[in-house]
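**Student:** One predicted model, sequence on top.
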Amino acid sequence: MSRKPRGSRGGGPAKSKAGGSKSSNLTGRPLKVRVRNAKGRSVSSTRWLQRQLNDPYVAEAQRRGYRARSAFKLAQLDDKLRLIKRRARVVDLGAAPGGWSQVAVERAGPEGRVVGVDLQAIEPLPGAVFLQADMLDPKAAELIDAALDGPADLVLSDMAAPGTGHAQTDHLRTVALAEAALALAEAVLAEGGGFVAKVLQGGAEAKLLARLKQSFARVRHVKPPASRAESAELYVVATGFRGPPPAAAADPAAREGPSDSSE
Ligand code: SAM
């Protein structure tokens, strides 16, 4: 995959000369492609298909050879916050089909190391090592540690449990995955390292935030433009890892809290 220079990292669909997006559905104009209901296709499948066909990130992902439109979410987070340094060791949790890992490999460069983990098998990607493991299984940390071959600079988690249709259940399951990702991050990150995890808007995240504030110098919430507005997803981004928290410092309220901002 070709590497793009920093500064023109391209975390989004191409712009027209006039500066607007080439695709109309980012501008609020009506969708271009209308999909008719077909026999045997459910209304929700028709809606999904219509959304895919009109999504500029889907088209741009295909053009650039990204395995998933979600690659742009990480690219945009990194464009904004410069999380992926050259030569970085990056862990990508919930990596299938590999879009985030592609971005991490591009940006960490040939001397970087990317270890992707997922419940599902992932098609090989030059520059990345993929492990098939369940992050809710405590044994996964050992496998990742061995594959990393040194402390990590960045732990990413785009893990999402399959949606149940019940918002509170989905939220709690996503927080549980983010907590598992944080436990891994606390075990493998080098001091000064960073952490990104998907969460869903809707409360019940206080424990995770308290732990993040204890372990990192700065914690913020970011919703990258490629994350669909109608989706409750957003990302917690924590930077400046302080080192593994001593078991005794279990009371986060005892520490001075750093900033927690939404962007
Ligand atoms: N970031 C990926 C990309 O750009 O290609 C997309 C990730 S997808 C939204 C979420 C992934 O989380 C799924 O592939 C799912 O299998 C994975 N996942 C969910 N629970 C997991 C768990 N307990 N352990 C490992 N992976 C998990």
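**Tutor:** In hand now; what should we look at?

**Student:** ok, which stretches of the protein are helices?
**Tutor:** Secondary structure of the chain (DSSP state H): helices located at 43-53, 56-64, 71-81, 99-108, 140-148, 167-188, 206-215.

**Student:** who touches the residue most central in space within the chain in this structure?
**Tutor:** Centroid-nearest residue in the chain, with C-alpha atoms, centre = their mean: D158, separated by 3.9 Å. Neighbouring residues of D158 by C-beta atoms under 8 Å, 6 or more residues apart in numbering: S70, K73, L74, D92, L93, G94, A95, W100, K198. For glycine as for every other residue, the C-beta is placed from the backbone atoms N, C-alpha and C.

**Student:** And A187, by the same measure?
**Tutor:** Here A187 is in contact with A141, D145, P244 (C-beta under 8 Å, 6+ apart).

**Student:** same thing but 10 Å
**Tutor:** For A187, the contacting residues are A141, E142, I144, D145, P151, A152, V155, P244, by C-beta atoms under 10 Å, 6 or more residues apart in numbering.

**Student:** filter those residues to the buried ones?
**Tutor:** A141, I144, D145, A152, V155 (16 or more other C-beta atoms under 10 Å).

**Student:** The second one against V115, yeah?
**Tutor:** Yes. Under the contact definition of C-beta atoms under 10 Å, I144 touches V115, with a separation of 5.9 Å.

**Student:** any idea of the pLDDT on T46?
**Tutor:** T46 is assigned 71 on the pLDDT scale.

**Student:** ok, back up a step: would you mind measuring from the residue nearest to the centre of the chain to V58?
**Tutor:** Distance of D158 to V58, given as C-beta to C-beta, to the nearest Å: 17 Å.

**Student:** Kindly report the same for D137.
**Tutor:** To V58, D137 is 33 Å away according to C-beta to C-beta.

**Student:** for D78, same thing?
**Tutor:** According to C-beta to C-beta, D78 stands 20 Å off from V58.

**Student:** So A229 sits against Q201, correct?
**Tutor:** No. The pair A229 and Q201 does not pass the contact test of C-beta under 10 Å, sitting 11.7 Å apart.

**Student:** If you count neighbours, what's buried in stretch 180-195?
**Tutor:** Using 16+ other C-beta under 10 Å as the test for burial, stretch 180-195 gives A180, A181, L182, L184, A185, E186, V188, L189, G193, G194, F195.

**Student:** domain ranges for the protein?
**Tutor:** Annotated domains of the chain cover 24-54, 71-262 [automatic domain parsing].

**Student:** and the longest one with the ligand, contact?
**Tutor:** Okay, so that is domain 71-262. Yes. Using C-beta under 6 Å from any ligand atom, we find that domain 71-262 touches the ligand at 71, 94-100, 117-120, 134-136, 158-161, 177.

**Student:** I'd like to know how many residues surround the closest residue to the residue nearest to the centre of the chain other than its chain neighbours.
**Tutor:** With C-beta to C-beta, 6 or more residues apart in numbering as the criterion, D158 has its nearest non-adjacent residue at 4.7 Å, and that residue is G94. Per other C-beta atoms under 10 Å, the neighbour tally for G94 reads 22.

**Student:** okay, G94: pLDDT?
**Tutor:** G94 is given a pLDDT of 98.

**Student:** Confirm for me that it is in contact with M159.
**Tutor:** Yes. G94 lies in contact with M159 (C-beta under 10 Å); the separation is 3.1 Å.

**Student:** what do these two both touch?
**Tutor:** Taking C-beta under 10 Å, 6+ apart as the criterion, G94 and M159 both touch V117, D118, L119, M135, L177, A181, A197, K198.

**Student:** Now compare the residues you listed and name the two farthest from each other.
**Tutor:** Pairwise distances across the shared contacts of G94 and M159 (C-beta to C-beta) peak at 16.5 Å, for the pair L119 and A197.
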